[in-house]
Structures are given as C-alpha cells and as structure tokens.
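S.K.: Starting from these lines, generate the structure:
(2 chains)
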Amino acid sequence: MFAAAIAAVIAAMVLALVRAFAGPSLYDRVLAGNSFGTKTVLLIGLMGFITGRPDFLDIALLYALINFTATLAILRFFSYRRPKAAPAEPAAEARADPSDADKEPAA
Amino acid sequence: MNTFEVELTPAVYLDLALLTMLVLVAIAMLRSRHLFAVVMLSGIYSLLSAAFFVSLDAVDVAFTEAAVGAGVSTVLMLGGMLLTARREKPVTPGRAPTALFVVLAAGAALIYATIDMPAFGDPNAPANSAVGQDYVEQTPNDIAVPNIVTAVLASYRGFDTLGEVMVIFTAGVAVMLLLGAGSVRGGREVSDVDAEKDENA
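M.R.: Prediction:
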C-alpha cells in the first residue's frame, strides 16, 4: 500500500516538474516549486513508514516548515503590479494588493 | 573476482525515479535562459537531492541540503539575479566546441573509472568491509546516537564539522556584503506581462 502511495507521489512530482519546466509566468514556477516541496514532505514521510521508521515524520515536518518559509521569502522579492491593460486601475503605479502599500517603492 | 547482484527492490526503483528526475531538472536548468526559472529549478533540484539523501539514510545531510539548497541559496540567488539581467545572454557559438570536448573527455574518464567500482551495495566492497565495518560496530558503544552518519559528522569529525561551519558562515557574510542589505529588503516590480514578453522573446 505504501509502495502504491509512493508511486502516486512520484507521479505528482513529475506533474509539478512539468509545470516548473513549462510554466509561462513567474507564479506558475513559484507554485510548482512550493508544491514540489510538499510532495517531498509526503515522500519522506512515506519512506519512513515503508522502512518501518516512523520517526522520519519529524524530519518531514521540518521540511514542511522550510518549504513554507522559503516560499514566503521568494514571494517577498516581488511586489505584484497589475498589468497596465487592467481597466479598473487607471494609474500605472497602482498596486494590486493594498497590503503592499507599506512596502517601500522598488528602485 | 566475486560478483554481487543488485536486488531490484522497490527502494531501487524509488532511487531510480529520483535520480531520473534529478537529471531531467539539471538538463532543464542548462537549457533555460530565463534566470528566475533556473533559480526555481535549482530549488527543486535541492529538494530532490534531499529526498534522495533521505532514501540513502543520510538524514542530516539531507536536512542541510534542504535548508541551504532549497531555502537560503534560492533567496541568495534571487538577490543576485535582481542585481543583474533577468535573462542569460546567449552563449557564443565559437567557444562551444572546446568546452564540449573538455566536458565529454572528463565525463568519459569518470565513467571509465566507475567500471572498477564495486557493485552497488556489495558487502565485500572496501567501504563496507574495512573501516566502515568498525564504525558500524563501535558507534553504538562509543556514542548513543542512533544514526551513524550523524555520529561520524558531529562527534568523530566534530572539529572538521566546526571548521566547515566557520567556512560557510564566512561565505554567507561575504555574499551578504556583496548583495547589500537593500537587495534583501526591496524587491522589484514584476508583472505577468513582462514575464510573457520574456517567454515569447
């Protein structure tokens, strides 16, 4: 049963890889990286159970923490700007998310 | 010379799947000219090799790989990328054949060297029979650490690991000095329109 689950997780990893290879926009790739990290967490947990050492689950949890922090750190680099074609916002400088307003403007 | 047949257990198939994905990610990183994609792919590469290290039972190495490779170095590379262009310049075609020849020669030599290596998991291999055997037998008596790799890294080679930590710390401080504090704090305006333009260019 665990072997089947591992096979399924590997298949999901391949799908995330396809998105990371192809993904046209930045956010596709961020999302692919994040979901690949989640698949790694699952895979490590499953590997722990299939080898009879459930203590691997602690390591998998730590991976989940790293993955979460890394994704936040990556997204912190980009302040999202709505494309100029958007009709609702006339100003080109307008931010898509008002919570971004406290950030200092980029150089 | 006695031969040792590798048993095709599910674990071997798992390792094969992980290594295949590693190779695919590496090829994709080489072929992509979009630097952000390369940074994200290198994070995925680190996560994959961390999973592979866990499957090899080197849990602490895997943890370092995940924290440094997928976490810190992704952020550092992003910081570096924001200081330069978003796309890699095309390689000059004239210089490619020499580099290709050097890489192929080195690769052929390395593959030729692997012919002499013992089979994977061979109990008679030097790594498993001589010193390694001593570590496996003595570690439970010497140190109460269940994972032998951890015991070797943190206790038998404790001073070596301390030196490594100092080297990595110095490298990290140097990189932070080069990038400057602003690159970590600021961020650059990015929109999907630019990204699509980049992809189509």
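
S.K.: what about B:Ile115, how many neighbours?
M.R.: 6 (other Cβ atoms under 10 Å in any protein chain shown). Any C-beta I mention is one placed from the backbone N, CA and C, and that applies to glycine too.

S.K.: How about the secondary structure of the most centrally placed residue in chain A?
M.R.: Note on chain A: the residue nearest the mean C-alpha position is A:Asn34, at 1.9 Å, using Cα atoms, centre = their mean. Look at A:Asn34: counting by DSSP: H, G, I helix; E, B strand; the rest coil, its state is helix.

S.K.: Spit out the contact partners of it.
M.R.: A:67, A:71 (Cβ atoms under 8 Å, 6 or more residues apart in numbering or on different chains).

S.K.: Next, work out how far apart it and B:Ala108 are.
M.R.: To B:Ala108, A:Asn34 is 39 Å away according to Cβ to Cβ, to the nearest Å.

S.K.: do the same with A:Leu46
M.R.: Separation of A:Leu46 from B:Ala108 (Cβ to Cβ): 38 Å.

S.K.: Compare the two (neighbour count), which wins?
M.R.: Per other Cβ under 10 Å, whichever of A:Leu46 and B:Ala108 has more neighbours is A:Leu46, with 21 against 10.

S.K.: isn't that one right up against A:Ala7?
M.R.: No: between A:Leu46 and A:Ala7 there is no contact under Cβ atoms under 8 Å: 10.0 Å.

S.K.: Would you map the helices across chain A?
M.R.: For chain A, the helices defined by DSSP state H occupy A:2-22, A:26-50, A:56-75.

S.K.: Residue 18: how many residues sit nearby?
M.R.: I went with chain A, as the question did not name one. 12.

S.K.: looking at chain B here, not the other one
M.R.: Around B:Leu18 there are 21 residues (other Cβ under 10 Å).

S.K.: where's it, which helix or strand?
M.R.: helix B:10-31 (DSSP states H and E).

S.K.: which outside residues touch that helix?
M.R.: A:3, A:6, A:10, A:13-14, A:17, A:20-21, A:47, A:50-51, B:6, B:38, B:41-42, B:44-45, B:48-49, B:51-52, B:55-56.

S.K.: How far away from the center of its chain is that helix?
M.R.: Here helix B:10-31 shows a centroid-to-chain-centroid distance of 12 Å under the convention Cα atoms, centre = their mean, to the nearest Å.

S.K.: next SSE after it?
M.R.: For helix B:10-31, the following helix or strand on the C-terminal side (DSSP H and E) is helix B:35-55.

S.K.: does chain A sit close to the following helix or strand past that following helix?
M.R.: Where DSSP H and E defines the elements, the next helix or strand beyond helix B:35-55 is helix B:59-64. Yes: using Cβ under 8 Å from any Cβ of the partner chain, helix B:59-64 reaches chain A at B:59, B:62-63.

S.K.: Out of the residues you listed, grab the one that's most surrounded.
M.R.: Neighbour max across these (other Cβ under 10 Å) = B:Ala62, 25 neighbours.

S.K.: What residues does it make contact with?
M.R.: B:Ala62 touches A:59, B:50-54, counting by Cβ under 8 Å, 6+ apart.

S.K.: same thing but at 6 Å, please
M.R.: B:50, B:53-54 (Cβ atoms under 6 Å, 6 or more residues apart in numbering or on different chains).

S.K.: From chain A, how far out is the residue nearest to it when sequence neighbours are not counted?
M.R.: Nearest residue to B:Ala62 in three dimensions, chain neighbours excluded: B:Phe53, at 3.5 Å (Cβ to Cβ, 6 or more residues apart in numbering or on different chains). With distances taken as Cβ to the nearest Cβ, to the nearest Å, B:Phe53 is found 10 Å from chain A.

S.K.: for B:Arg86, same thing?
M.R.: 10 Å.

S.K.: For that residue, report the pLDDT, please.
M.R.: Looking at B:Arg86, its pLDDT is 70.

S.K.: Look up the closest residue to it, ignoring the ones flanking it.
M.R.: B:Leu35 (5.8 Å).

S.K.: correct me, but the one you found touches B:Met81?
M.R.: Yes: applying Cβ atoms under 6 Å, one finds B:Leu35 in contact with B:Met81, separated by 5.0 Å.
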